[in-house]
Every structure is written in structure tokens, then in C-alpha cells.
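Undergrad: Sequence first, predicted model second:
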Amino acid sequence: MSLVQLDRPAVRPAHPSRSVPVERPVAALRSINVDSTDVGDLPTPPRLRAVQEAPEARGFALYVGVDEAKAKAAGIDLATLVRALRTLTAELVPDAETHAAVALAPAASGGRDVDVVRLALQEPAAVAARHATEPASAAEGVVIDISRKQVTLGGEQASLTFKEFELLQYLVLREGKTIDREQLIAGLWGNGDEDAPNARTIDVHVRRLRSKLGDYQLIVRTVRGSGYRFDRHADVTVRHSLIAPSPDRF
């Protein structure tokens, strides 16, 4: 004898203490010979996965710690080194895509080159380790955060304009070096900028910046006849760990 059974959703017990027969859903409309087939032996439809597939590798980052001086001593420069690595990658995997980012940090930042690179390019483990070792007293002085483009004085954010922060950042990234007025103008405003100051009015911009640094205004020091210089103070923290990398220019 044959019957036709339609798919129906499984019926769950209404209460755990009651025994209610549960019908297994049938995979499709089919003819069942009840004389020779046990309903319990019918195949059940596959269950939907509640969890997504595990993520797969999409690429990798190789952090190389080498500055221009070390590269030059080895008879190469960073641009040539990056291009060589890209060429090798293209030869091994023609469809691979690459992006190069150079880590920018002052020479005085110290530490191993590869650690500076990991911090500057925001490698998660390196950033977490750096934050864990930052002195708790940093909030009591000046914190210059390059990535967030903000300065805090005693835990309070200073009201620097975008251009004022750029001026401070330009000096901070060249710590210990005297930057003349013409270099500041060229680096911050560029050619053809109608708002670009002249060598005389750049002093006005520096004076406004200093006024917002309060008791720490002397970190921007005037070098008579030469220009300006960033001098680190004991209570000044510069967070290089979140420095934005340079664009892909190789």
C-alpha cells in the first residue's frame, strides 16, 4: 500500500513532562511504501548552521625594521627594497595585490626599528603592549597624540586649530632640529596657497600656538636667526604608537 506524505514542520513537545510524538519532516513530496519502509529511516533535511564559516587568510603583513641609514649601508634604499619585494610577490603570485606603507617616527623615539614600525602601523599586539607600559602620570602633563590630532594639557583637550596642530606636529616629527620659517611655510601651506603666511607672519602662528600650550609653551623654542625647534619636556608625552603611516608611494 502506498501513501503520499507532504512535508510538515516538526512538532516539538509543548511541555517537557509530557510525551508527545514528534513527526520527522520529510525532505520532499514523495511516495512511501509503508509496507516495507520504516518512517524513522527516512532521511532528514540538513540543519542550517547558526555559526558562520571560520574566517580565512586574505593576506599578511610583513613588518620590516630598517631605516634609510641601514639600507644605505647595505647598498640599497627603501624604495628599491619595497619594489624588489613587490616584484618577487608578483612573480610568485601574479594575482596578488600589494600596498606599502612607510612608518614615520622621529629618530629620538628609540627602541628597535621593527618595534617602531609595528607601533607606527598600529599592529594590535604592539599597540596594546605600548599602552600597557605608558606612565600613569602622562595625563598630568602634555600629551601630543599624532593620530588623533589632539593635544591634552593636564587631561583637558587644548583648543588648537587644525593648522596649529599641523605646525606643532611638523616640529614634533623633526624633534631636536631647527626648522626655518621658509621650510615651515613650504611644508604646511605649499606653493600657490593664498592663505600662506610670509616669513614675518609665521611668527604670529607660532605665538598663537604657544598661547594655547600654557605653561608648556617653551616646548616650541625660538632659535634666534634660524627658526623654531621642538624641545621635549619631562612632562610631555608624544604618542608615536598611533602615527599615521605615509601613503603608498613606492
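TA: The structure has been received and is ready for your questions.

Undergrad: Give me the domain ranges for the protein.
TA: Domain assignment for the chain by automatic domain parsing gives 1-43, 62-100, 105-242.

Undergrad: As TSV, those with mean pLDDT, mean neighbour count and distance to Pro55 would be great.
TA: For every residue, glycine as well, the C-beta is placed using N, CA and C. Shown next, in TSV, are those (pLDDT from 0 to 100; neighbours: other Cβ atoms under 10 Å; distance: least, Cβ to Cβ, whole Å):
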stretch	mean pLDDT	mean neighbour count	distance to Pro55
domain 1-43	46	9	31
domain 62-100	93	12	18
domain 105-242	80	15	15
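
Undergrad: Would you mind confirming that Lys212 makes contact with Glu164?
TA: Yes: between Lys212 and Glu164 there is a contact under Cβ atoms under 8 Å: 6.9 Å.

Undergrad: Show me which helix runs longest in this structure.
TA: When the chain is scanned for its longest helix (criterion: DSSP state H), the result is helix 78-92.

Undergrad: Which other helices and strands does it contact?
TA: helix 68-73 (3 or more Cβ pairs under 8 Å, 6 or more residues apart in numbering; DSSP states H and E).

Undergrad: In terms of secondary structure, what does the helix it packs on contact?
TA: So helix 68-73, by 3+ Cβ pairs under 8 Å, 6+ apart, packs with helix 78-92.

Undergrad: mind putting the domains of the chain in CSV, distance to Ala54 included?
TA: Below are the domains of the chain laid out as CSV (distance: least, Cβ to Cβ, whole Å):
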stretch, distance to Ala54
domain 1-43, 27
domain 62-100, 22
domain 105-242, 19
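
Undergrad: In a strand, Arg221, correct?
TA: Yes: counting by DSSP: H, G, I helix; E, B strand; the rest coil, Arg221 falls inside a strand.
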